[in-house]
Structures are given as C-alpha cells and as structure tokens.
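Engineer: no letters, just coordinates:
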C-alpha cells in the first residue's frame, strides 16, 4: 500500500481521482429471492471532494458505500482506489486498507461502550501510521470538555462527534459516513454536519456522506442521486451552504 | 445456541453420570454383598482360640441369642508353589467332610469337593489359583505344623469371609503371596493335633439375639481355652474393607454431582439470560398479543428442561455404562462370585428431579425477568452498558494498558459476579481433576512413609509361638542376613474411659533401625523405656492424650490387664497399633526375653536363599516379604486408578470446556457489534480475538490457582472422609497433579478458543453498521 499524503489544504474539484468505480453490480441472495442492489454503477470521486450520495431506502447507496469502504465486494465490475483494484484485494488487504486509509462514521455511532471518548479515539490511533493526538481530534469536533466521559454519559450528538473524531484521528484518505445524522434531531444533526464540513475543509479529507435527507445535499460539492441501484442524477453545487443554513 | 446447549448438556451428563454410576455401584455392591452373605450363610460372630474340645460346642449353642454354630480348624502355613520363589503364606481352613460347610459356605467356582479318605486334597481361593495359574490336579507343597506335605488341588472356591483377601498384618491384597486354602477337617485336625477339638468358631445369631451379649459370653467361655477375643461381623477384616469402600462411594456420589449440577445451573443461567436479552422483542410481541407472563415463563422453562432432559438422558446412559464398568472392577478387586448390577428406579428419578430442579433454579432469575418485562419496555433496545475505569487503572496503571486491554479489564469488572462465577466454574474443573491424581500420589506417599521410613525390613518371620531371644542368633547366622531385630507382638484390647479398641501391642527393639516410629514431621521418635506410644489415629479414637493411663487387656497367655502411661503418638497411615520397648512389654507380660517374630534386613542377592532356609525352620510359621506385596498392590490398583483418573479427567475437561466455551459464546454474542465495529475500523481478526479471548484467558489463568486451592480442599475433604482405622489417606499432592489439572484446563480453553476463532471469521460487518444496540 502507498503511504498516504497528508492533505492539509483544500484542492480544487476534479484535480485527481481517488475512487474510480466502473460497472459495479451487486446481487444479494435473500432466501430464494435475488435482490439487485446495484445495477452497473460507474462514477469517479475526487480528492478533497465532499460528496453526498442521496437516495431512498433500498436505492443501493449503502451497498455502494460498503463496497467503497472495503466491507463488501461487488458481484461484477471494478472499484479502483488509486491504482489498486479493491475487488481483487484479499481479506487481509481490505483490512489494511480500512485500517490505514478509510475513516468510517456510522448511523448508530458504534462506539465501544467500555472506553471513554478519548479512548474510543485512541483505539484507532494506536494502530494507525501517522495519527493525530486523540485530544486534538476531539477538539476538532468540539468535544475537548468531555474527553473522559463514557458513551453512556454522552448525548447522541456527542457520541456521533466522538465517532467523527475517531474516524478522522488517523488522518484517513477518505471519510465514509453512513447516515451520520440519521439517529439525531435536526439541531444536533447540524452540529455533526458542521464537524464533518470542518474536517473536510481543514484537513482536505475526501468525504462521502450517504443520506436519504435531501436537505443535506446543499452542503456538498457534488450530489449523486441513486435510485433502484442506478445513478439517476449527478449535480454539482455551484454554491455550497453551511450546515446552519440547510433546510432540514 | 446448538453448541452451547450441547456444552451445557455435557456438564449435566457429567453430574448425572457420576451420580448414577456411584449410586448404582453402591447399590450393586450392597445388593451383591447382602445376597452373597445371605446365600452363603456368612457368620455374624467370629472367635479364635488355642484349642478347645468339640464338646464345648454344646455350651456355645446354649448361649442365648446364638443360632447356628460351626467350629473349625484354622492354620497359618507357608506354601511352596512350583516356579514361584517368593514366600507364600496362606490360611488353611477346615471344611466339614464333603460339604461346603454350615456357615461361611464356599462358592465352588471350579472343580469338586474333597473325596473321603483322601487326606491331601485342597481347594484354592479363586484369586490365588488364578494368580499362579493353578488348576485341578496341580500340586503344591505346604509346611504344616513343621512337616512338609504335598497337596493336590481339586478346585477353586470363593468365600464370603474373604471378599477382601489379605494376609494378616498386610495392608494390601497380594494374590500371589497370600491365599486361602480349604482342606478336609480330618487330615488338618490330625496334623495340628486337633482331633476332637477346634481352634476357631463362627456363629450366627438368632432373631433378636444381642450381639454384644453373645460376644461377651463367648469370650467368657473361650477364655480358659486360649480365646483371644470374639468379634462381630462389622469388625471382620474383609467385611470392614468392603464397608469402607462403600462409604467412599457414598462420598463420591455426593461431592461430584453437587459440583457438576452447580456448574450446570450457572451455565444455564448465563445462557438463558443472554437468550432472553436477545429475544426481548419477541417476548414483547408475544405479550402484546396477549400471552401471559406465565406462558412466557413456561416457554423458557421448556427450553431449559429440553437441555436438561438431553443431559439427563445422556448422563443416565453414561452412568449405567460407567456403573457396570466400576462394578466389574470391584468384582475383580474383591473376590465376589457374581455381581448383581442394580439400578434402582429411585436413582433415575432422583437424578432427573435434582437436575431439573437445579437447572430451573439456575434459570429462574432470567426466566422471571423475561416473563415480567412490560411489552413496551421490551420492545426498546436495552440501555447502553455503563462502564467505568477499573480499580487497577485508577491505581495509576492505566497508561500501561492499550485500549483493547482496558476493554478486557473493564468488561470483567462491570460484571464482577459473572466473572467470579466463570472463574469459579473453571476452577472447579481444575479441582475435580486433581482428585484423580491425588489418589495415586497419596498411595505413593503412604507406601513411602510406611515401608520406606518406618518399616524398613525386607522379610518378617513370625514364630509359631513366643520364643527365646536366642532364636535371633540362628537367624543372624543365615548367609545373606545383614541385620535382625526381634519383636514381641501380643493381641490386646486397649481401653480408655468408656472407649476400647482391639489391636496388638508391639514390643520393638529400642534402638532398632528396622521398625521406627515417626512423628507428624516424619522424624524418628525415640521410644521411651516405659510407657506406650499409640498410632495418632488410635489416640484420637480413644480420646487419649500423652500422660493419660491406658488400660491394656492382653488377649494371650494368662491374659493380664495392666495400666500403662501413654508417652507419645506416632504418625502411621496404615492400621493402628500400640508400641512399647520390647523389654518393657516382656516385663509387663511377666515373661523373660521373649520374641514372637523377627525383622530381617537381607542382602538382595541372597533373598531367595534366605527365604528358602527360613521356610525350612520348623518354628517359623510364616514369612512375609513386604516389597513384592507393594508391587503386587500397585498392579491391582493401577486399573482402578487409571479408570478413575480417566473419568475425573473427562469430567474435568467437560466442565472446563463447558464453562469456557459458553462464556466465550455469550461474550461473542454480547459483543458482536463492538467487535464487528472494530473490524470495520481496520482491526485484524487476531486483534479482535485478543479482546474476546484475552478476557477468558485472564479468567482462566486466575481460575487455575483458585482451582488448585479448591482441588486441595476437595482432596482434603475426601481424605478426611476416607479416614478409617484401616488406613488414613495423606493429603499429599505432587507437582504433577497440579500441572496435569492446569494443563487439561488450558487445553480445554484452547479448544474452545479455536472454535470461537472460527466464529470470529464470520463477524457480519455490514449488519452492525445498520443495527442499533
């Protein structure tokens, strides 16, 4: 694997391709029924870009995110991360890919309940190659006051911000967020989105957010709509809104 | 769930099988013994004497409470078996002409009874004949009352009197060197000048006959004829060994099942609790549809009972198999003509009911929670677990621990009771396995102390009657004899306050090197010039302490009764005795320098020659060789110990596996989400496994020392329960016992870990991203 460059400045849209997705199809066998989650998806994602994958439930957006994150493999087609074909990577290679290059944020936070906020971040920085300090990451999401709290002592929004801190602390190449505000009220959701935007702006981390909430699309560089496993529309925002200005 | 249910069922199989095995073996032995005793008219009172006229039998019959009386002639003789050089001694018992006898009837296994007019025919005890491969028609030579006589074997027999067949003074059976022979009364009586006389009498009691009255009157009657004291069936040597064995079985039948069922209850509780928390939503749905608490409770109870039912069925099957195996081993060890395998229905009913009751008790809490959950609450996910930093971390050690290590420690500390019970369960497995190894080590130690440190002679020569000390000179002059010490043994009843005990007083050489007494630290005790030293266990039996006066009623010669101060106690594992300096005993008996036997240290090269020469000395009644007896004992015991060790190991491993595997499965289920999340974050399988298995490894490592403590306690309890005046089992546990138990526990844990490792490959990373807690 190539050592990741540390991106600290925002680069203009379209300068270089991080992901090249080509003809990706995913078929699940659910009992006796075949479910076509993705039907020939093709797209490129660019360095430093903030992309929103928009779609209804069942549109295939989560499947696409899982394939980008190395959690799942397509039935057909190829996904290139830089020069490497993720669809041909072994289990161990995918683990290393996730470990060193990808930051995940989940809908239900998936924090380790037995570890404090700081430790939840440290669990990732301990195994990363050139991480930031856990405190630094938490500061970035505005949680420097609550670092020694356990998840059970934090609100949902705070927990999600810990999850973001955990995802960015390793200085990942890409940040993949699966419905990051799905379990939150709008006010808390905005705080979380602000944290994501700040990370994208200040660290230049390529960010992909999937959501079924169309309002969030206005803060993205690019919005990709999915329907029935196909890309139905790609839209480039000429002017991005700040999370606070989003209509929820 | 299937493997977990199986693992729990296995633990129940362990408990139930040992319960069924012990109790059915116990019942079988009782039943076999009773029917053997009954059918073969085993006597109830026994007495030996010097010589009494047959006419005395009429007066014995007149004793109130006596039913049947049989007199006989009994001799202790040396045998010469062709092709076997070691000393062989035997009891030669008279049988009424051409009949199996009135009392203590023999069971003729092979061959025939004696033909009238033939004076050299003998029946051999089954075990003895088998040990030497002697068949009908073979001959052997005996020294009968100083004269060599050739005897012809006519068959093999067993007797209720010799179920445990052991030489006088020996502690272990040795079928090659000690046997029981039966001979027609006439030739035996003639050889011992017992025509119209007898030197042994046994009798049964009539209904309502008072045993102690009969014994007292019989003693009175036999006193002038050299009677050495009558005793009841309960004190008969063979019967006593068998009774002790039965008592041990009873202890095993309680201790083991308690451990197993306790562990099973704990495991069921853990598994059902987890199941309930996984099925909260289904429970809520059922209740929302109108199912009652009771109905929900019944549902889980049924599940538990299915697991238990599986365990009970398997346990009964395994128990019957092991019970039959055990009974057969007993039939081998003890000379029993048959074995009636008894499986009482109540044993099965008890095994089933106890297991079910214990299992339900173990799951009651979880099931009750399931049944009482309000539907709305049950539909919501459980509250996130609340954790805090552990004590170890708060001590300031935190910075030394990686995050995964902190997860392990905090998880253990969050559920202290569960962690403790898991540790305790694994510890129990370790403890159970130590019991198997303990027996062997204990016997090694007994033999080492008794025959390595205390009784150090190679040969014991017993004289036909007390002899002058000068007899030692002729023994010393035999080539190959390095050292000789004289002993004076006299049968006696020892009494202190209202307690009494029948044994022998042994007069030993004051500065002797062959028979030494040891204190509790196994240091040699100097025997004082006056006074008596008692085996520590005898002192306890009599509640007597050094300084107290012991009453000794000598049961030989003119039977003096004397009072002697107790001057000390000696550590002995086998038998119970009283010891004095020989000269002091001689003075007490008002006799000169008399000895009744001699201890010999022999040059190993000449042992056979020495034995051959001793055998030809007319005044020597018998020669005992201790070393070979010990070896023979080990052979006999090896099979039982091996079987028992095999079973305890199997059971211990079952518990260890059951506890570790279940704990891991539960932990995997509880932490599935957490571990899968870590996999998503880029943790490797081994790193995730560390968090899960590290916890169990830590608990297992904590459990091992605890288990060793428990094992020590269990062995101590068994040793205490097995203590009798026949033998005391020392609590000696070698390093190998500890090491073996620890190894089996660790191996069981590793096997569970391998199975869990394979499960970890299938962590569903995609699913956890979409699921709530």
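Structural biologist: That came through fine. Just so it is clear, the structure is predicted and the values come from calculations on it, not from any experiment.

Engineer: quick one: the helices in chain A?
Structural biologist: For chain A, the helices defined by DSSP state H cover A:61-68, A:91-101, A:117-125, A:134-140, A:156-168, A:186-203.

Engineer: what number of residues lie near the closest residue in space to residue B:747 that isn't next to it in sequence?
Structural biologist: Closest residue to residue B:747 apart from its sequence neighbours, by CB to CB, 6 or more residues apart in numbering or on different chains: residue B:653 at 7.7 Å. The C-beta positions use only the backbone N, C-alpha and C, and glycine is treated the same way. Residue B:653 has 20 neighbouring residues, counting by other CB atoms under 10 Å in any protein chain shown.

Engineer: would you mind measuring from residue B:653 to residue B:752?
Structural biologist: Residue B:653 sits 11 Å away from residue B:752, going by CB to CB, to the nearest Å.

Engineer: residue nearest the centroid of chain A?
Structural biologist: residue A:176 (1.2 Å; CA atoms, centre = their mean).

Engineer: who are the contact partners of it?
Structural biologist: Residues in contact with residue A:176, defined by CB atoms under 8 Å, 6 or more residues apart in numbering or on different chains, are A:65, A:68-69, A:102-105, A:208.

Engineer: which one of the residues you listed is nearest chain B?
Structural biologist: Nearest to chain B among these: residue A:104, at 5.7 Å, using CB to the nearest CB.

Engineer: quick one, grab the pLDDT at the closest one.
Structural biologist: Note for residue A:104: predicted pLDDT of 91.

Engineer: also the one 3 residues further on?
Structural biologist: In this model, residue A:107 is scored at 84, pLDDT.

Engineer: could you report the distance from the closest residue to residue B:425 other than its chain neighbours to residue B:476?
Structural biologist: Spatial nearest neighbour of residue B:425, excluding adjacent residues (CB to CB, 6+ apart): residue B:659 at 3.8 Å. Residue B:659 sits 64 Å away from residue B:476, going by CB to CB.

Engineer: am I right that residue B:716 sits in a helix?
Structural biologist: Yes - secondary structure of residue B:716 (DSSP: H, G, I helix; E, B strand; the rest coil): part of a helix.

Engineer: who are the contact partners of it?
Structural biologist: Taking CB under 8 Å, 6+ apart, one finds residue B:731 in contact with residue B:716.

Engineer: look at it and report its pLDDT.
Structural biologist: 91.

Engineer: roughly how far does residue B:461 sit from chain A?
Structural biologist: 76 Å (CB to the nearest CB, to the nearest Å).

Engineer: interface residues of chain A facing chain B?
Structural biologist: Within chain A, the residues that sit near chain B (CB under 8 Å from any CB of the partner chain) are A:62, A:66, A:69, A:71-72, A:92, A:95-100, A:102, A:104, A:106-108, A:110, A:112-116, A:119, A:122-124, A:126-127, A:150-152, A:166, A:178.

Engineer: which of these are buried?
Structural biologist: A:62, A:66, A:69, A:71-72, A:95-100, A:102, A:104, A:106-108, A:110, A:112-116, A:119, A:122-124, A:127, A:150-151, A:166, A:178 (16 or more other CB atoms under 10 Å in any protein chain shown).

Engineer: spell out the secondary structure type for residue B:28.
Structural biologist: If you use three-state DSSP, then residue B:28 falls in the helix class.

Engineer: so it sits against residue B:328, correct?
Structural biologist: No - in this structure, residue B:28 is not within contact of residue B:328 by CB atoms under 8 Å, at 10.0 Å.

Engineer: who has more neighbours out of these two?
Structural biologist: Ranked by neighbour count (other CB under 10 Å), residue B:28 and residue B:328 place residue B:28 first, with 23 against 14.

Engineer: quick one: residue B:93 is in a strand?
Structural biologist: Yes - per three-state DSSP, residue B:93 lies within a strand segment.

Engineer: so how many other residues sit close to it?
Structural biologist: With other CB under 10 Å as criterion, residue B:93 counts 25.

Engineer: by mean pLDDT, which helix or strand of chain B comes out lowest?
Structural biologist: helix B:375-379 (a mean of 68; mean pLDDT, DSSP states H and E).

Engineer: swap in chain A?
Structural biologist: helix A:186-203 (a mean of 88).

Engineer: how much does that one deviate in direction from helix A:156-168?
Structural biologist: Relative orientation of helix A:186-203 versus helix A:156-168 (axes from the mean of the first three to the mean of the last three CA atoms, to 10 degrees): 20 degrees.

Engineer: give the buried residues for helix A:186-203.
Structural biologist: A:188-200, A:203.

Engineer: same question, stretch B:429-448
Structural biologist: Buried, per 16+ other CB under 10 Å, within stretch B:429-448: B:429-443, B:445-447.

Engineer: can you check stretch B:157-173 too?
Structural biologist: In stretch B:157-173, counting by 16+ other CB under 10 Å, buried: B:157-167, B:170-173.

Engineer: chain center to that stretch: distance?
Structural biologist: For stretch B:157-173, the separation from the chain centroid amounts to 17 Å (computed by CA atoms, centre = their mean, to the nearest Å).

Engineer: from chain A, which residue is nearest to chain B?
Structural biologist: residue A:99 (2.7 Å).

Engineer: if we ignore the residues flanking it in sequence, what's nearest that residue?
Structural biologist: In space, residue A:99 is closest to residue B:682, 2.7 Å off (CB to CB, 6+ apart).

Engineer: I figured that neighbour hits residue A:93, correct?
Structural biologist: No - the pair formed by residue B:682 and residue A:93 falls short of the contact definition of CB under 8 Å, at 11.5 Å.

Engineer: may I have the beta-bridge partners of the closest residue to residue B:488 other than its chain neighbours?
Structural biologist: Counting by CB to CB, 6+ apart, residue B:488 lies nearest to residue B:507, which is 3.6 Å off, once chain neighbours are set aside. Residues in a beta bridge with residue B:507, per DSSP bridges, are residue B:488, residue B:580.

Engineer: which ones are touching residue B:507?
Structural biologist: By CB under 8 Å, 6+ apart, the neighbours of residue B:507 are B:487-490, B:579-586.

Engineer: switch to 6 Å and redo it
Structural biologist: Contact analysis of residue B:507 by CB atoms under 6 Å, 6 or more residues apart in numbering or on different chains lists B:488, B:580, B:582, B:585.

Engineer: so what's the third one up against?
Structural biologist: Read it as residue B:582. So residue B:582 contacts B:488, B:507-509 (CB under 6 Å, 6+ apart).

Engineer: hang on, the earlier thing: distance between the least confident helix or strand of chain A and the chain's centre?
Structural biologist: The answer for helix A:186-203 is 12 Å, by CA atoms, centre = their mean.
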